[in-house]
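K.L.:
Here is a sequence together with a model predicted from it:
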Amino acid sequence: MDSIRKSLRYAVVTCAIVAQITSSAYALEGDPCPWTDKQGCGMPLRLVACSTTSVMQKFNFVPVGDNITNGTSIILKPQNGVPASCMNGDCCVNVMAWGTHVGAIVWATHCGDEAKSKELSRAFLRTEDGAIVNPTSDKCLGLQSGPGKTQIVLVECGDALHFDIDTDTGTISEQCNYGLCLELDSTKPKPTPSPPPAPPSPPFPSTIRANANVGTAASIATSADTMVSFNLDWHKNEEEWPVWVNASALILDLDNPLLRATATALSPAMLRIGGSEGDVLCYDVPEYNSTCADMNQTDPAMCLNMARFLELGKFAASTGNKIAFGLNAIWGRPNQDIAKPLDLSNIRALLTFAAKNDMPIYGWELGNEKPKIPAEVMAQDYHNLKKLIVELWPDVNNRPKLIGNDCNANPGYLNSWLPLVADVLDVLTYHHYDGYGLDPNLGSQILTPKFLDGTVQPEVNAAHKNHAPHTQLWVGEAAAAWHSGRDGVTNAFASSFWYADALGGLSARGHSGYCRQTLYGGNYGLLNRTNFEPNPDFYIGKLFHDLMGNSVLAANVSFNGSDATGYLRMYAQCTRGAADMTLLVMNVLPNTTVELSLSDIGTVASRDDYAITAHDLTSRYINLNGNPVTVNDGVLPTLTPQSVTGSAAGTLSVQPRSIVFSVVKGPTSVCSAGPAV
């Protein structure tokens with residue numbers, strides 16, 4: 001689950017930003033004006049040596065641009081372009097960082113009175129190139145409110161190390177465990193004009209000619225039948241209402257015909273059940289002497305009874321899928337102290353029940369996005385969990401996998417933790433969201449090469465190769481944007497380019513699982529929340545699942561004339577169940593057709609094309625080869641290709657803003673030994 005659902009009142013800014021600080025100052029543009037809507041003045045808040053103290057003046061947001069003006073200064077811009085208004089001095093600023101494109105959000109909230117605390121306005125935090133490095137670094141900055149003072153907090157692994165700013169004297173206490181304090185720079189920065197909005201793509205002619213290049217002699221990577229997988233979460237109805245109403249795995253209608261049909265259509269897949277609430281959910285297993293009450297969990301929405309657990313297992317088995325289940329890594333620790341080892345009593349009861357009832361469990365995960373648990377502590381928890389799995393499933397051929405660690409891409413933590421568990425881990429999995437659901441610019445960003453390129457996390461691939469190359473590699477939770485996505489973007493045709501590119505690009509980098517957040521729920525689900533009908537991305541997943549086999553081929557495009565690198569994207573895999581190859585080609589250009597020659601691949605006898613378009617990027621429905629794709633009487637449509645033969649088969653015409661799966665028949669390749677998988 002995307003981490004926004006943690007408390008926003010005590011906020012943090014990832015100190016991947018802090019990690020970039022050397023001798024230079026770290027600045028947040030502030031407004032020392034009174035708490036009004038006044039604009040036009042600003043003052044940097046800097047990290048400095050501990051010997052420095054200064055008056056902490058009240059500051060407000062300055063809407064002077066989206067981007068960093070230099071390597072150390074961050075500009076805060078409210079979402080609506082208007083600074084937060086706090087007329088009575090009862091407001092504080094909270095910051096939480098996430099993601100790689102819009103890297104943070106800033107709230108103005110009421111301070112001191114928890115009953116009044118509410119979100120007043122937002123601002124976005126970006127780095128110079130649109131990405132925050134190491135967004136889950138274990139050092140963080142934040143602002144906290146307290147009686148008589150506001151604290152600027154530096155946090156490492158859950159320990160709040162405070163820089164106290166006394167609101168009466170205006171001084172910063174020298175509690176500088178890291179040799180850093182904060183001050184307001186008295187030098188007013190020069191206003192930075194907002195850059196003009198960038199066009200969605202450079203100007204291109206109406207037609208571009210290009211050549212498809214595919215390494216046909218050997219595969220470069222191996223994927224799996226379960227590459228296209230999906231998630232269910234535990235969100236309560238009231239969370240970000242109404243996008244999670246009746247979507248929790250505890251109450252979702254598992255008998256809904258379209259839910260069952262779509263899950264079956266993507267089988268075999270991994271049904272991952274987890275999310276942040278997975279570290280709150282406890283298990284009611286009186287049969288094995290462990291209950292939610294024993295765990296002091298009194299919220300019925302966070303208590304899984306075994307009748308429902310069996311229903312989830314039956315749903316997975318009857319739709320041809322298996323479950324990857326995220327276990328609670330917090331509530332079994334004494335006083336939920338992350339430095340203490342995890343008591344597995346409640347987990348043991350759940351796993352015992354699963355083993356005795358022959359549940360369709362593919363694997364067990366432990367914890368969801370918990371990099372603050374010390375690596376050595378989490379590693380020992382994984383070793384203990386592995387021993388329990390081996391005990392309960394002595395037959396290795398029937399034994400569920402150990403999967404982890406379900407953090408966001410965090411090379412520092414991963415390189416510390418992974419060597420400690422490499423001997424027991426079966427699947428290395430991480431989470432990744434490319435954008436932020438509340439970003440009003442998400443719709444214009446999502447089709448840019450920069451956004452699409454952000455899906456690949458080379459540091460994770462490097463850690464996997466260096467420490468645990470024998471394990472499977474998954475993205476265990478992903479969508480185009482966190483915070484439940486964005487309506488009209490992540491549940492619309494615009495998202496389909498990102499999804500297709502992620503599946504193709506990560507298959508080429510050795511991933512065997514990509515668990516989409518979600519099958520149902522949020523504004524990024526594969527299914528429409530109102531009627532369970534497929535959103536456009538479902539059809540992308542379905543075609544990828546059906547056509548793109550497990551042998552991945554090297555693929556790239558060369559251009560004759562205008563270079564549209566990044567805007568025309570191509571992947572190639574052996575066709576599933578046939579001795580052919582399938583090309584996945586995406587053209588994100590809005591007004592340019594690409595005539596893609598296949599002559600360099602070999603002699604093409606024929607093609608079966610699945611060309612996907614839509615009325616516009618916000619459409620919730622697609623066309624296949626020009627024909628509307630619709631659900632009729634609750635029955636999923638058959639996806640029928642358009643066959644191309646003769647000389648015309650040698651050139652693939654890729655229309656503007658279209659996605660094409662093309663089954664290419666004829667050229668000799670490693671796939672010809674088929675039938676390939």
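P.N.:
Cool, got the structure.
K.L.:
Now do the same for Asn296: its pLDDT.
P.N.:
Among the per-residue scores, Asn296 holds a pLDDT of 96.
K.L.:
quick one, phi psi at it?
P.N.:
Taking degrees, to the nearest 10, you get phi 60, psi 30 for the backbone angles of Asn296.
K.L.:
tell me the SS of the nearest residue to it once chain neighbours are set aside?
P.N.:
What sits nearest to Asn296 in space, not counting adjacent residues and going by Cβ to Cβ, 6 or more residues apart in numbering, is Trp331, at 7.9 Å. For glycine as for every other residue, the C-beta is placed from the backbone atoms N, C-alpha and C. Secondary structure, DSSP: H, G, I helix; E, B strand; the rest coil: Trp331 is coil.
K.L.:
and Trp331, how many neighbours does it have?
P.N.:
Counted with other Cβ atoms under 10 Å, the burial measure for Trp331 works out to 20 neighbours.
K.L.:
Might one say that it is in contact with Met302?
P.N.:
No: the pair Trp331 / Met302 is not scored as a contact, 9.4 Å apart, by Cβ atoms under 8 Å.
K.L.:
what residues are shared contacts of these two?
P.N.:
Overlap between the contact sets of Trp331 and Met302, as judged by Cβ atoms under 8 Å, 6 or more residues apart in numbering, is given by Val280, Cys282.
K.L.:
Show me where the stretch 201-350 of the chain has its helices.
P.N.:
With DSSP state H, counting those that start in this stretch as the definition, the stretch 201-350 of the chain shows helices at residue ranges 257-265, 306-318, 345-356.
K.L.:
likewise the stretch 351-500 of the chain?
P.N.:
With helices called from DSSP H, counting those that start in this stretch, the stretch 351-500 of the chain shows them at 375-392, 411-421, 442-445, 449-453, 458-467, 493-507.
K.L.:
Now that Tyr567 has come up, it's in contact with Pro590, right?
P.N.:
No: with contact defined as Cβ under 8 Å, Tyr567 and Pro590 do not form a contacting pair (9.7 Å).
K.L.:
who's more crowded, the two?
P.N.:
Neighbours per residue, other Cβ under 10 Å: of Tyr567 and Pro590, the larger number sits with Tyr567, 24 against 14.
K.L.:
and that one, what is it in contact with?
P.N.:
Shown in contact with Tyr567 (Cβ under 8 Å, 6+ apart): Ser201, Phe204, Pro449, Asn587, Val588, Leu589.
K.L.:
Tell me the one of the residues you listed nearest Trp498?
P.N.:
Distances from those to Trp498 were compared by Cβ to Cβ; the smallest belongs to Val588, at 9.7 Å.
K.L.:
show me where the stretch 401-550 of the chain has strands.
P.N.:
Ranges of strands in the stretch 401-550 of the chain, per DSSP state E, counting those that start in this stretch, are 401-408, 427-436, 472-482, 513-516, 548-553.
K.L.:
So which of those strands is nearest Gly215?
P.N.:
strand 548-553 (5.5 Å).
K.L.:
For that closest one, which helices and strands make contact with it?
P.N.:
strand 221-222, helix 493-507, strand 568-575, strand 581-587 (3 or more Cβ pairs under 8 Å, 6 or more residues apart in numbering; DSSP states H and E).
K.L.:
Okay, angle between it and strand 568-575 too, please.
P.N.:
In terms of direction (axes from the mean of the first three to the mean of the last three Cα atoms, to 10 degrees), strand 548-553 departs from strand 568-575 by 110 degrees.
K.L.:
Pull the CA coordinates from the following helix or strand past strand 548-553 and hand them back as PDB.
P.N.:
Per DSSP states H and E, the first helix or strand lying C-terminal to strand 548-553 is strand 555-560. Included here for strand 555-560 are C-alpha records, laid out as PDB according to Å, rounded to 0.1, in the frame of the first residue of the first chain:
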ATOM      1  CA  ALA A 555      14.900  -5.200 -28.900                       C
ATOM      2  CA  ASN A 556      15.500  -1.600 -29.900                       C
ATOM      3  CA  VAL A 557      14.500   0.800 -32.700                       C
ATOM      4  CA  SER A 558      16.600   2.900 -35.000                       C
ATOM      5  CA  PHE A 559      15.200   5.900 -36.800                       C
ATOM      6  CA  ASN A 560      15.600   7.100 -40.400                       C
END
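K.L.:
Just the buried residues of strand 555-560, please?
P.N.:
Of the residues in strand 555-560, those buried under the neighbour-count criterion (16 or more other Cβ atoms under 10 Å) are Ala555, Val557.
K.L.:
Can you give the strand pairings for that strand, parallel or anti for each?
P.N.:
strand 207-214 (antiparallel) (DSSP bridges).
K.L.:
where along the stretch 501-650 of the chain do the helices fall?
P.N.:
Secondary structure of the stretch 501-650 of the chain (DSSP H, counting those that start in this stretch): helices at 536-547.
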